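Colleague: only geometry, no sequence info:
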DNA sequence: CGCGAATATAGCGTCAACGCTATGATCTGG
DNA sequence: CCAGATCATAGCGTTGACGCTATATTCGCG
């Protein structure tokens, strides 16, 4: 096999329908959060299993999350952040009026 | 009745058990996000119903969320932010090593 | 080459967020 | 005092994140 995952499902959603853009943004967010957590974990030279233990979940959950396999929930993000000695901050930032 | 909601369930969770702190933090986050969204909405002089329409949901959903009744998911936050011309930003911020 | 550790997938039960409709509770203006 | 509008709750079906175990795949390392 060439790649490990292809996320075809994501790409297949047409961008025209209402809700599609938001769903896409959320998926992108999930992806970036996964990358961020992975970086923090590797910076500590932790295995997924170790992080999982510290965050109160299993290795497979960590893997799924880091890969962006699902859009994580706030409690999960909080636990991961806590395990990594980090703070989770979520904000709704008003855009400058166009 | 004195108050409209009491959230007794939340307060009743003991703080000692593993996972309790994170759950609490998530709940607090939900609360603050609810307040933030409510402020943005009121700043625009919108009713819950109007925001709901703009965000692709019903008035009851908006009410539930603004009250902190549930811990919102990222897609929902994204839609609300979008409707309010705001950006949702979520970050895992490493704490300065103690 | 194996061998073991680390990571990625798969399948599945559970539970809470979500979305809906309907209805109560408040508050206002006429 | 009533009518209309706004917001809060309730009940409920659906769906997807979560957590688990098990297994495949990858990657060094001796």
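Modeller: That came through, no problem. Being a predicted model, the structure only gives us computed values, none of them experimental. Numbers count the residues shown, from 1 in each chain, chains lettered A, B, ... in the order given.
Colleague: and stretch A:86-97, how far out from the chain's middle?
Modeller: 17 Å (C-alpha atoms, centre = their mean, to the nearest Å).
Colleague: and the end-to-end length of stretch A:46-66?
Modeller: Chord length of stretch A:46-66, first to last residue, is 14 Å (C-alpha to C-alpha, to the nearest Å).
Colleague: quick one: it to chain centroid distance?
Modeller: 13 Å.
Colleague: mind checking which helix or strand residue A:46 is in?
Modeller: Using DSSP states H and E, residue A:46 sits in no helix or strand.
Colleague: actually residue A:26, not the one I typed
Modeller: Element membership for residue A:26 (DSSP H and E) is helix A:20-43.
Colleague: interface residues of chain A facing DNA strand D?
Modeller: A:1, A:4, A:56-61, A:64-65, A:70-73, A:75-76 (C-beta under 7 Å from any atom of the strand). C-beta here means a position set from N, CA and C on the backbone, and glycine is covered the same way.
Colleague: switch to 10 Å and redo it
Modeller: A:1-4, A:23, A:26-27, A:30, A:52-53, A:55-65, A:69-80 (C-beta under 10 Å from any atom of the strand).
Colleague: does the helix or strand containing residue A:60 come close to chain B?
Modeller: Using DSSP H and E, residue A:60 sits within helix A:59-66. No: judged by C-beta under 8 Å from any C-beta of the partner chain, helix A:59-66 and chain B are separated, with a smallest distance of 11.7 Å.
Colleague: Check which helices and strands that helix sits against.
Modeller: helix A:20-43, helix A:48-55 (3 or more C-beta pairs under 8 Å, 6 or more residues apart in numbering or on different chains; DSSP states H and E).
Colleague: So for chain B, which of those sits nearest?
Modeller: helix A:20-43 (4.2 Å; C-beta to the nearest C-beta).
Colleague: which of the residues in the closest one are buried?
Modeller: A:22-27, A:29-31, A:33-34, A:36-38, A:40-41 (16 or more other C-beta atoms under 10 Å in any protein chain shown).
Colleague: now for it, which elements pack on it?
Modeller: Using 3+ C-beta pairs under 8 Å, 6+ apart, helix A:20-43 sits against helix A:59-66, helix B:74-83, strand B:86-94.
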